[in-house]
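Visitor: here is a sequence with its predicted model. Questions after.
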Amino acid sequence: MATKSKKSFGARLKEVGPGALVAAAFIGPGTVTSCSTSGASYGYTLLWAMLFSVISVIIMQTMAAKLGIVRQMGLGEALREIFKNKAVRILLAILVIAAVFIGNVAYETGNVSGAVLGIQAISSTFSSQTWKIVLAIVIGCVALVLLASGSYKGIEKVLTGLVVIMGIIFLVCAICSKPDWSAVVKGLFVPRVPKVDRAWMTVAALMGTTVVPYNIYLHASSAAKKWKDPETDLGTSMVDSIIAIGLGGIISMAIIVCASATIHVNGGTIKSGADMAKALTPLLGSWATVIFGIGLFAAGFTSAITAPLAAAFASSGILGWGEDMKKLRFKVIWFIVLVFGMVAVCTLGASPTEIILFAQAANAFLLPITAILLMVVCNNKNVMGKYKNGVVLNVLAIIVIAVFIFIAARNMTAFVTSVKALF
């Protein structure tokens, strides 16, 4: 029996896809806001938190993709296979729906409003409240058409293209901002948290906006739809994760660098990611708002698609409904998330920065739970067979989980204060 030939690096590069969905999901208005706030408030100091987050994402998403490829199912379905007890299944369903479905319903408002803000930054013609409502409806309808198509490949291609566009735009902005490169290197490799109020909250927000719990469900399910053969496709999925998620991390770091070089050095403040365009005007001229506006639109639109999709994958899987994108129950879940976002933008306006930072920080608390569940699945021999986690991957995953538990515990006081501020 002939053995299957290994794919070349070039062949694997052409198959980049699920990793781009993950990057598209975490590079949203919340990321732009969190990174802009970090750079404006603390300069290059917290770049290390973003670097650690990117490495963590690659580790976690590698396990998620492996699950999808080996078992052709998402994390929700795998949990149902392991835990047969009805009470445990109900508890897990509540946990997943609370962490993923309800969370994404809230995020969708920021996603759609971020895309709207991007268009408004490009042209003042669309700055009125009426245009905001019209744009929210149009953006929502375009997302609806893409999702309703039930075509995974079509959605993947659109989001991959937008991630590449974001990468180019934010990298150009970072280079043009003329940062202090020695300070950038120090910020990346010397972990330090300023001894000021809310600094740990910002660290948690940076990590929470990057290592997103719902992306674990999204990646496992999308990898299952993209690849079928573990022998040849596991290596391809690794290349996909490193390249696409790495690019997503570079985008986030570029935003921090921009804010550091243009706002922090001048002692300025920032209220939202849109303020970055104004700060770049002296460097890029009148095109600053257009360039950053395109990036902000892409960030909002990609997340406006991936958030409903992830909610549908996770909820359908844990409820035992399957993960067929063409099934009515699957469509109903993403439809609720998308429509809520559209309606909220039209009636409530854009999400305040405080709410976005709170939501991202909350993710840092939910991540350890989701990561532990993923590890349980990936170490179960009945589920993964010979592809269950090895020692190295387990050690790396345990380190990531331990750090996130430490960050969550260290951030508890600031988190409680933030909750009180919201209410």
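Guide: Yep, it's here. Residues are numbered from 1 along each chain as shown.

Visitor: can you list the buried residues in stretch 366-380?
Guide: Leu366, Leu367, Pro368, Thr370, Ala371, Leu373, Leu374, Met375, Val377, Cys378, Asn379, Asn380 (16 or more other C-beta atoms under 10 Å). In this view, the C-beta of every residue, glycine as well, is placed from N, C-alpha and C.

Visitor: let me know the closest of these to Ser177.
Guide: Leu367 (30.6 Å; C-beta to C-beta).

Visitor: wouldn't that closest one be in contact with Phe404 here?
Guide: Yes: contact status for Leu367 versus Phe404: in contact at 5.4 Å, counting by C-beta atoms under 8 Å.

Visitor: shared neighbours, the two?
Guide: Common contact partners of Leu367 and Phe404 (C-beta atoms under 8 Å, 6 or more residues apart in numbering): Met207, Val211.

Visitor: neighbours around Ser237, how many?
Guide: As a burial measure, Ser237 scores 27 neighbours (other C-beta atoms under 10 Å).

Visitor: that one contacts Ala223, correct?
Guide: Yes: counting by C-beta under 8 Å, Ala223 is a contact partner of Ser237 at 5.8 Å.

Visitor: what segments of the chain are strands?
Guide: Assigned strands in the chain: none (criterion: DSSP state E).

Visitor: show me where pLDDT drops low in it?
Guide: Applying pLDDT under 70 to the chain flags residues 1-16, 268, 271-279, 282-286, 348-365, 410-423.

Visitor: ok, the closest residue to Leu21 other than its chain neighbours - contacts?
Guide: Closest residue to Leu21 apart from its sequence neighbours, by C-beta to C-beta, 6 or more residues apart in numbering: Ser222 at 5.3 Å. By C-beta under 8 Å, 6+ apart, the contact list for Ser222 reads Gly17, Pro18, Leu21, Gly68, Tyr152, Glu156, Phe313.

Visitor: got the residues you listed as JSON lines, with neighbour count and distance to Ala288 columns?
Guide: Compiled in JSON lines, the contacts of Ser222 are given as follows (neighbours: other C-beta atoms under 10 Å; distance: C-beta to C-beta, whole Å):
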{"residue": "Gly17", "neighbour count": "23", "distance to Ala288": "32"}
{"residue": "Pro18", "neighbour count": "31", "distance to Ala288": "33"}
{"residue": "Leu21", "neighbour count": "28", "distance to Ala288": "29"}
{"residue": "Gly68", "neighbour count": "29", "distance to Ala288": "40"}
{"residue": "Tyr152", "neighbour count": "18", "distance to Ala288": "36"}
{"residue": "Glu156", "neighbour count": "19", "distance to Ala288": "31"}
{"residue": "Phe313", "neighbour count": "29", "distance to Ala288": "37"}
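
Visitor: just the ones of the residues you listed in helices?
Guide: Pro18, Leu21, Gly68, Tyr152, Glu156, Phe313 (DSSP state H).

Visitor: closest to Val391 among the residues you listed?
Guide: Gly68 (22.2 Å).

Visitor: the residue nearest to Gly74 when sequence neighbours are not counted: neighbouring residues, count only.
Guide: Leaving aside its chain neighbours, Gly74 sits nearest to Ser221 (3.8 Å; criterion: C-beta to C-beta, 6+ apart). By the criterion of other C-beta under 10 Å, Ser221 has 31 neighbours.

Visitor: contact partners for Ser221?
Guide: Gly68, Met73, Gly74, Leu75, Phe313, Gly317, Glu323.

Visitor: of those residues, closest to Gly187?
Guide: Leu75 (33.5 Å).

Visitor: pretty sure that closest one is touching Ala220, no?
Guide: Yes: judged on C-beta under 8 Å, Leu75 makes contact with Ala220 at a distance of 4.9 Å.

Visitor: right, I'll call it a day here.
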